[in-house]
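Peer 1: Fold the following for me, if possible:
(one chain, ligands or ions: 1)
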Amino acid sequence: MNIEVFSDSIRARSAILHSSGWPAAGGLVERTINELKTALSCKKAAVWGLDHYWRIDAYRPHVQVRNGQIKSLEWPEFAFFECSRPSGEPFLIGSGPEPASFWGAFSVELLRQLKAWGCHEVFLLGSMLDEVLHDETIVSCIVQDERGWNMAVEAGCELTDYEGPAAIHSAVMQAAESEGVRCLSLWAHLPFYLNEPSELVAAHFLRTVGRMLGFKPNVSHLVAAWKERRARIESSIEENGELSQTLEAMKQRKREPWPEHRPAAKIVRMEEYLRRRHDHAPHLEPEDDEGEEAQEMNKLTPEQESIFNYTIDHFKEVSRQNRFPENNIIDHDESRCAVCHPELVPIEPFVIYLEVVTQAVKMRRPSVDDDFVEMMNSDLAAMGEETRVSRESLLAGEEEAVEAWKEWARDALATGLGLLSIHGPEKRAFDLDDAEDEGMGELIESKIGEVMAAQKKNSL
Ligand SMILES: [Zn+2]
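Peer 2: Residues are numbered from 1 along each chain as shown. Next up is the predicted model:
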């Protein structure tokens, strides 16, 4: 291997890899990698000359000529950066052009080098244009073992269904499997009709990658930039009759039975998008326990109310039995399940899902007992936090303890939403951060408060 190493001793358990070209449509992966490099301290650790893995017809070296003399000639290379996480061990970022030949040999060489540096876990980042709308955030994932599957589900990723041309990622995944390295391939889905990068998807992708690596990147600048861009996109769609028709056709195809309309398609949630756009009903702010759902409930027919209650009771029972992670295989009346069929009740799907998860968390963790305190402290230790809590500090409302408690409740809801994304025919994945960006912040805060208040009440 023709590799030049700049660091004394490269050691990292995880690596993020990226190949430019075909597997990185829309510039999204480059953007994500650049955001990571800006947010964390990263230094170039090694460079791998790609030798016979590139071909002149696929990639030309970059030359710089000044005053009739060659100043520099850049050969294709795969560069590795060593990055520090806010807490925890460093990880590697590796990027270069997608090789033009000998994918098998390239992948094995790459994996063996990563292993030599101590890597046990590799995340491949890719982006593709797809039939998704500009305010959808979808990351799909290819996994190869149970732990990878759990990580993908907890991070709110969809499991990929795809048939078509392969990227280098598939070859790297195969090599990783035979080398005993866990490998997840993450794909951000971009709306095919945008020719500008989407900050919304970039923010979501960055958070997903952060979650896999155990830190929370700051994405507020991306969200702010997106708010401006979104208004421009929507007015240009309105002005463009052809595009409006195309989007309408996407909506039609969604109604056709799965999977005929498109074997590798995403589910396009056009109805939701149209409802959000055209029906700007104000979100009712919960005032007390008789909050949002209670007000939503007032609009339900007795049949809808009974379906809603059946759904909540079903998932509470699943949670009581501690079987939430396998909620997709538990027998229930699917025709009366509002998670399987959100269209059965006139409540936004996110609100249904959040309510189900809130009641499930309250069932699973009803009070502040020794178990709960021990679990919180081991979570805090795992996150590299120095704070520790006790039953007394929580119930007395000490500031630091309450902050940690809130954080725990939020994570519990986020994990619940991730686990719920395997349920039913729709398998919807909701992300708290994304929902916040879409104006659900107050509802989420109230649900976090509801979980904590219930736990407190049961502990006094
Ligand atoms: Zn169901």
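
Peer 1: quick one, phi/psi of Leu73?
Peer 2: Dihedral pair for Leu73: phi -130, psi 110, per degrees, to the nearest 10.

Peer 1: Give me the contacts around stretch 29-41.
Peer 2: Here stretch 29-41 makes contact (C-beta atoms under 8 Å, 6 or more residues apart in numbering) with 16, 18, 20, 23-24, 42, 81, 83-86, 93, 95, 125-127, 188, 197, 202, 205-206, 209, 217-219, 222. Bear in mind the C-beta positions are built from the backbone N, C-alpha and C, glycine included.

Peer 1: Then stretch 361-375?
Peer 2: 316, 319-320, 322, 324, 389-391, 394-395, 409, 412-413, 416, 450-451, 454-456, 458-459.

Peer 1: Of those, which belong to helices?
Peer 2: Applying DSSP state H to the contacts of stretch 361-375, the entries found in helices are 316, 319-320, 391, 394-395, 409, 412-413, 416, 450-451, 454-456.

Peer 1: Among those residues, which one has the most neighbours?
Peer 2: Per-residue neighbour counts (other C-beta atoms under 10 Å) across the ones in helices among the contacts of stretch 361-375 peak at Gly416, which has 25 neighbours.

Peer 1: Roughly how far does the nearest residue to Glu77 once chain neighbours are set aside sit from the ion?
Peer 2: Nearest residue to Glu77, sequence neighbours excluded (C-beta to C-beta, 6 or more residues apart in numbering): Val47, at 5.1 Å. Look at Val47 and the ion: by C-beta to the ion, to the nearest Å, they are 51 Å apart.

Peer 1: In contact with Val47, which residues are there?
Peer 2: Applying C-beta under 8 Å, 6+ apart to Val47 gives the contacts 3-4, 6, 77-80.

Peer 1: go on, Leu190?
Peer 2: Taking C-beta under 8 Å, 6+ apart, we find Leu190 in contact with 25-26, 28, 127-130, 132, 198, 201.

Peer 1: Which members of those residues are classed as buried?
Peer 2: 25-26, 28, 127-128, 130, 132, 198, 201 (16 or more other C-beta atoms under 10 Å).

Peer 1: I'd assumed Pro61 was in contact with Gly49.
Peer 2: No. Counting by C-beta atoms under 8 Å, no contact exists between Gly49 and Pro61, whose distance comes to 11.2 Å.

Peer 1: Overlap of the contact sets of those two?
Peer 2: Residues touching both Gly49 and Pro61 (C-beta under 8 Å, 6+ apart) are Trp75.

Peer 1: Dihedrals phi and psi, the residue of the stretch 51-200 of the chain at minimum distance from the ion?
Peer 2: Proximity of the stretch 51-200 of the chain to the ion (C-beta to the ion) peaks at Val153, 16.2 Å away. Main-chain torsions, Val153, degrees, to the nearest 10: phi -70, psi -40.

Peer 1: Model confidence for it, exactly?
Peer 2: Note for Val153: predicted pLDDT of 84.

Peer 1: which residues touch it?
Peer 2: Listed by C-beta under 8 Å, 6+ apart, the contact set of Val153 reads 159, 418-419, 421-422.

Peer 1: List the contacts of Ala404.
Peer 2: Taking C-beta under 8 Å, 6+ apart, we find Ala404 in contact with 376, 380, 385, 387, 389.

Peer 1: now do 7 Å
Peer 2: Contact analysis of Ala404 by C-beta atoms under 7 Å, 6 or more residues apart in numbering lists 376, 380, 387, 389.

Peer 1: From the ion, how far off is it?
Peer 2: Distance, Ala404 to the ion, by C-beta to the ion: 33 Å.

Peer 1: Can you name the residues of the chain that neighbour the ion?
Peer 2: Residues of the chain lying close to the ion (C-beta under 5 Å from the ion) are 337, 339-340, 424.

Peer 1: returning to what we had before: narrow the contacts of stretch 29-41 to those in strands?
Peer 2: 16, 18, 20, 42, 81, 83-84, 93, 95, 125-127, 188 (DSSP state E).

Peer 1: Are any of the residues you listed buried, and if so which?
Peer 2: Buried subset of these (neighbour count, 16+ other C-beta under 10 Å): 16, 18, 20, 42, 81, 83, 93, 95, 125-127, 188.

Peer 1: coming back round to it: from the buried ones among the contacts of Leu190, pick the one nearest Gly241.
Peer 2: Ranked by distance to Gly241 (C-beta to C-beta), the buried ones among the contacts of Leu190 are led by Val132 at 21.0 Å.

Peer 1: Is the closest one part of a helix or strand, or is it coil?
Peer 2: For Val132, the assignment made with DSSP: H, G, I helix; E, B strand; the rest coil gives coil.

Peer 1: same check, this time on Cys183
Peer 2: Assignment for Cys183 (three-state DSSP): strand.

Peer 1: residues contacting it?
Peer 2: Shown in contact with Cys183 (C-beta under 7 Å, 6+ apart): 122, 124, 144, 172-173, 176.

Peer 1: Okay then, goodbye and thanks.
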